[in-house]
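Peer 1: Could you look at this predicted model? Sequence included:
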Protein chains: 2
Amino acid sequence: MTKTNRRDFLKGSAAGAVAAVTSGLATAALAQEKKPDEPKKWDETVDVIVIGSGFAGLAAAIEAKKAGANVIVLEKMPTPGGNSIINGGILTATGCPQQKMHNIEDSKELLEKDILTAGNYMNSTKKVHQLVEQTLPNYEWTVKELGVEWLPDAIGQEGGHSVPRYVTTKCGSGAGIVTKELDKCKELGIPIRTRTYVDRIVRTPERVEGVIVQEGYKFPNKDSGKTKAIKADQGVILCYGGFSADLPYRMMQDPKLNAVLDTTNQPGATSELWRETSNIGCLQVQNDWIQCGPWGNPHEKGMGIGWQFNQTAAAEYGLWCNSDGDRFVNELANRKVRADAIMVQQANGKKCFAIADANGVKPFVAQRPGMLDKQLERGLVFKYDSLDDLAKAQGINPEELKKTVANFNECVKTKSDPTWNRYINNEQVPVETAPFYVGELQPKVHHCMGGLVTDDNCQVLDVKNDKPITGLYAAGESTGHVHGAVRLGSVAILDCLVFGRMAGQKAAAAPKAS
Amino acid sequence: MTKTNRRDFLKGSAAGAVAAVTSGLATAALAQEKKPDEPKKWDETVDVIVIGSGFAGLAAAIEAKKAGANVIVLEKMPTPGGNSIINGGILTATGCPQQKMHNIEDSKELLEKDILTAGNYMNSTKKVHQLVEQTLPNYEWTVKELGVEWLPDAIGQEGGHSVPRYVTTKCGSGAGIVTKELDKCKELGIPIRTRTYVDRIVRTPERVEGVIVQEGYKFPNKDSGKTKAIKADQGVILCYGGFSADLPYRMMQDPKLNAVLDTTNQPGATSELWRETSNIGCLQVQNDWIQCGPWGNPHEKGMGIGWQFNQTAAAEYGLWCNSDGDRFVNELANRKVRADAIMVQQANGKKCFAIADANGVKPFVAQRPGMLDKQLERGLVFKYDSLDDLAKAQGINPEELKKTVANFNECVKTKSDPTWNRYINNEQVPVETAPFYVGELQPKVHHCMGGLVTDDNCQVLDVKNDKPITGLYAAGESTGHVHGAVRLGSVAILDCLVFGRMAGQKAAAAPKAS
């Protein structure tokens, strides 16, 4: 029997996969066909199961519910929001009113080019195109559908972007979006089940059928909770995020990302479902591309708050230097370039600093009232009357620093930075007005670029044949191919919301299994 | 029942995995445990099955057989040798007599550092250390055990190595090793079964049991051949090589490695077993690190012969330039740096060339009698009486080329290359003696750095828990973590032979399953 015939035969036979054919060779091959793996009894059946309650998961749930599906959201941690709720809350919004207010010329094409360039063209060009097309509609959705409050006149520029194009939530973090998504879920009657750990994803030869969970799970104890089998009649949507907080898995992908490096991520950013989806034959790519946020502060744990001065004030309106007093990188290069540059300085025994003056902190202070004071209070940022004092107190070479700042101010005046080729913001003025502020820089493991490969409908592909697995969808940090080698800052929320929503819509439109 | 208890229960029960426990939740969870997947009947049983007949597979088979195991080698193509038999035949041999003859100072430590540096420290430091410790013993093994004939006085330097340290087979390709391995297999009575395609690897909850193959397979027709189930009582050793010739899988890993790029690999370098091992839950990492050989020649298909002039003559004793007549890269940088540099030149509309003079080709002509003539005959290398003639005929700026060569000759004289920081060979002389030779450069997809993760005993790890899978071993290009981001030239054969041998020894020492 040829393989094709065998497969046709199986297809035609209800009990095909367990059929007791007794002749030697054919039997051997037959037994290799995947057997139905469903539980004897499902404890509960819904239309759509969403795994993860961050930006992507909640967006997926909202769309699926609005399309008429019976949806539940599963979250292993005791509170919803995952990593999104402690995220920086900045969103790429090319074409938004804030950009127009500041007379910034931008286009979808320029955004697309920036994403592919940072991604080292390891992105799927199709996915990037889908994303870019939805950038402005996505911003509008957050305002009109969710009621997210964005700072009305602030527009920022993360590294690797050609122009300023991010908006910031009023509350200054991703919580400004997640809480609105949670409100919408409540309004729509979508249950968010916390402490619900997904142990297995049930895949049969035909489709993904559902999940086996531990209810009442206490992170990180895998023996906690009560086992339950939940069937998904239309689809399971994987929005389980990244693994930056999972040291063994992270070091397996890139052995140099060891315990010396802190992470910005919450402790639940672990690899169990990366392992499980791989184990059930889902295609994953580029898991070894793991991004460090260059703007972390060494004097606090995790994401913290120090990064906001280092990026929003100093990288965008000031400068970065090492303890020799020299600039060492384009402060607006992509995160990998900047994080690598800092690590090279550190390997050479030098510390790295972010510096801004009284004018440089103004946009930041206006956006985040009280934040700079809090950073000063916590010893994350320091304030001095002169560059001399700043340099001496921080162990920076004072003469060299003054020379560096003078050179930088020339760049600002001429709007040209021949050495580092840094973009000079329209609104940037020379760094010369006391007081002077400084924060230290320390890269922290931040974002996983790789992950599940999905098709144009957010359906996860099978590693055996690159075909979509029926009943399985994914979006957000658990997926790959959107960002390629390096994700640009402020594109994560865009990615999560656009593809999260799409996954929800597609799953809700799928035919029911039973 | 807690999960731990459940697992203990299963372990204690012969029929555990299929036990009919009927209470709801426990049943649901139970059904998720992997079920025994073995065929109803094995058609054949051996001790050790080796998949792949390249350097690694044959080395594994030889060692397993010598340790007393009953071994077979499976090869899907009609002839044995895989990609190894068309490989360049150069082997890193730090400490070998040829190095001493040329007064080259080298050490295991320096080799280790070079491998980790090129690997961007994405290597497993443990694996690299194991490899480096075996470098000289491995060279000696090829001579004493296999009788490989190496050029007795030639020592070469591939990119990224700090000093010349490779030896070359007399026949000028990997065939000089593979044929000796095949002779040894014959002597030991190891069957090499060609046209045997491995369709499935049978994995039960306890171990890998064996494989399902198609005998009489006609590449690439997956429906060809007759199905057969072969049991491996001690182990299956995976030496199935890379996937450089598999366009869809290669583009899935790195979308820019598209059809425009030729490959040096034979057509059988495809992804089926990369997909199958992933599907049965083997841990794979860094599959997106795929190396282009920078020294390929665009005027022939595949690996060809033009690379030998471009590397051995021009990179080691001449220089590389673009059509402007300028050098554009350290000719002895690692392969990725050089391939990327050429692709950047090409993206800017420039061609790239490798140039050597009458003195520069001497070592190459001595090593490969007749080869230069063959390259000239086939239009892969061209010969001119002057640099002027060469430049004009090839569309290179003549004045700039002459300036560039004069500058390069200064580097040779001073043994220092301030612009590109290239190593200047002890034996290099200025490029000034007619005739002058030139070949064009074209990167071709060459080697997969990533792959299966193995432990210190070459046992493949499970993606679910990073633990070794009983009965499953791997070595060679199918494995990851040895080379990290970039494999250095001439380290592939070392990797394949050292870990291939180790895998064979370990599998033969494993307890028998039945």
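Peer 2: Structure received.

Peer 1: Count residues in the vicinity of the nearest residue to residue A:448 once chain neighbours are set aside, would you?
Peer 2: Using Cβ to Cβ, 6 or more residues apart in numbering or on different chains and skipping residues adjacent in sequence, the residue nearest residue A:448 is residue A:242, 3.6 Å away. The way it works is simple: take the backbone N, C-alpha and C, and place the C-beta from them, glycine included. When neighbours are defined as other Cβ atoms under 10 Å in any protein chain shown, residue A:242 has 30 of them.

Peer 1: thought residue A:242 was touching residue A:447?
Peer 2: Yes - between residue A:242 and residue A:447 there is a contact at 6.1 Å, judged by Cβ atoms under 8 Å.

Peer 1: Chain B contacts on the stretch 151-300 of chain A?
Peer 2: A:199-200, A:202, A:212, A:214, A:222-223, A:226-229, A:248, A:252-256, A:275-276, A:278-279, A:281, A:283, A:285-289 (Cβ under 8 Å from any Cβ of the partner chain).

Peer 1: Pick out the residue of the stretch 151-300 of chain A closest to chain B.
Peer 2: residue A:229 (3.2 Å; Cβ to the nearest Cβ).

Peer 1: Give me the phi and psi for that residue.
Peer 2: Dihedral pair for residue A:229: phi -110, psi 120, per degrees, to the nearest 10.

Peer 1: so residue A:296 sits in a strand?
Peer 2: No - applying DSSP: H, G, I helix; E, B strand; the rest coil, one finds residue A:296 to be coil, outside a strand.

Peer 1: Okay, and the beta partners of the nearest residue to it once chain neighbours are set aside?
Peer 2: Leaving aside its sequence neighbours, residue A:296 sits nearest to residue A:444 (Cβ to Cβ, 6+ apart; 3.8 Å). Using DSSP bridges, the bridge partners assigned to residue A:444 are residue A:293.

Peer 1: Tell me which residues touch residue A:444, please.
Peer 2: Applying Cβ atoms under 8 Å, 6 or more residues apart in numbering or on different chains, one finds that residue A:444 lies in contact with A:261-264, A:292-293, A:296, A:302-303.

Peer 1: filter the residues you listed to the buried ones?
Peer 2: For these, a burial check counting by 16 or more other Cβ atoms under 10 Å in any protein chain shown picks out A:261-264, A:292-293, A:296, A:303.

Peer 1: Would you format these as a markdown table with distance to residue B:422 and pLDDT included?
Peer 2: Shown next, in a markdown table, are the buried ones among the contacts of residue A:444 (distance: Cβ to Cβ, whole Å; pLDDT from 0 to 100):
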| residue | distance to residue B:422 | pLDDT |
| --- | --- | --- |
| A:261 | 34 | 95 |
| A:262 | 39 | 97 |
| A:263 | 39 | 97 |
| A:264 | 40 | 97 |
| A:292 | 31 | 97 |
| A:293 | 36 | 96 |
| A:296 | 37 | 97 |
| A:303 | 44 | 94 |
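
Peer 1: Double-check that residue A:236 belongs to a strand.
Peer 2: Yes - counting by three-state DSSP, residue A:236 falls inside a strand.

Peer 1: how many neighbours does it have?
Peer 2: 28.

Peer 1: What score does it have for pLDDT?
Peer 2: Predicted confidence (pLDDT) for residue A:236: 98.

Peer 1: now it, which residues is it bridged with?
Peer 2: Beta-bridge partners of residue A:236, as defined by DSSP bridges: residue A:49, residue A:472.

Peer 1: these two touch, right, it and residue A:208?
Peer 2: Yes - Residue A:236 lies in contact with residue A:208 (Cβ under 8 Å); the separation is 5.3 Å.

Peer 1: shared neighbours, the two?
Peer 2: Common neighbours of residue A:236 and residue A:208 (criterion: Cβ under 8 Å, 6+ apart): A:201, A:471-472.

Peer 1: Of those - the most surrounded one?
Peer 2: Highest neighbour count within the shared contacts of residue A:236 and residue A:208: residue A:471, with 28 neighbours (other Cβ under 10 Å).

Peer 1: Quick check: residue A:237 vs residue A:54, distance?
Peer 2: 12 Å (Cβ to Cβ, to the nearest Å).

Peer 1: what's the answer for residue A:231, then?
Peer 2: Using Cβ to Cβ, we find residue A:231 at a distance of 24 Å from residue A:54.

Peer 1: When these two are compared, which one has more neighbours?
Peer 2: Taking other Cβ under 10 Å, residue A:231 and residue A:54 do not tie; residue A:54 has more neighbours (33 against 22).

Peer 1: The stretch 201-350 of chain A: helices as residue ranges?
Peer 2: Here the stretch 201-350 of chain A has its helices, by DSSP state H, counting those that start in this stretch, at A:247-253, A:272-279, A:306-308, A:316-317, A:335-347.

Peer 1: and the third one, what other elements does it pack with?
Peer 2: Packing contacts for helix A:306-308, counted by 3 or more Cβ pairs under 8 Å, 6 or more residues apart in numbering or on different chains; DSSP states H and E, involve helix A:371-377.

Peer 1: elements contacting the helix it packs on?
Peer 2: If you count contacts as 3+ Cβ pairs under 8 Å, 6+ apart, helix A:371-377 packs onto helix A:306-308, helix A:362-367, strand A:381-384.

Peer 1: looking at these, which is buried most?
Peer 2: helix A:306-308 (a mean of 26; mean count of other Cβ atoms under 10 Å in any protein chain shown).

Peer 1: Just the residues contacting it, thanks.
Peer 2: Contacts for helix A:306-308 (Cβ under 8 Å, 6+ apart): A:88, A:172, A:264, A:293, A:295-297, A:299-300, A:364, A:368, A:371, A:375, A:378, A:380-381, A:439.

Peer 1: ok, now which ones touch the residue lying closest to residue A:465 once chain neighbours are set aside?
Peer 2: Spatial nearest neighbour of residue A:465, chain neighbours left out: residue B:275 (7.7 Å); criterion: Cβ to Cβ, 6+ apart. Applying Cβ under 8 Å, 6+ apart, one finds that residue B:275 lies in contact with A:463-465, B:249.

Peer 1: count of neighbours near the residue nearest to residue A:202 when sequence neighbours are not counted?
Peer 2: Once flanking residues are discounted, residue A:202 sits nearest to residue A:209: 4.6 Å by Cβ to Cβ, 6+ apart. Residue A:209 is flanked by 24 other residues according to other Cβ under 10 Å.
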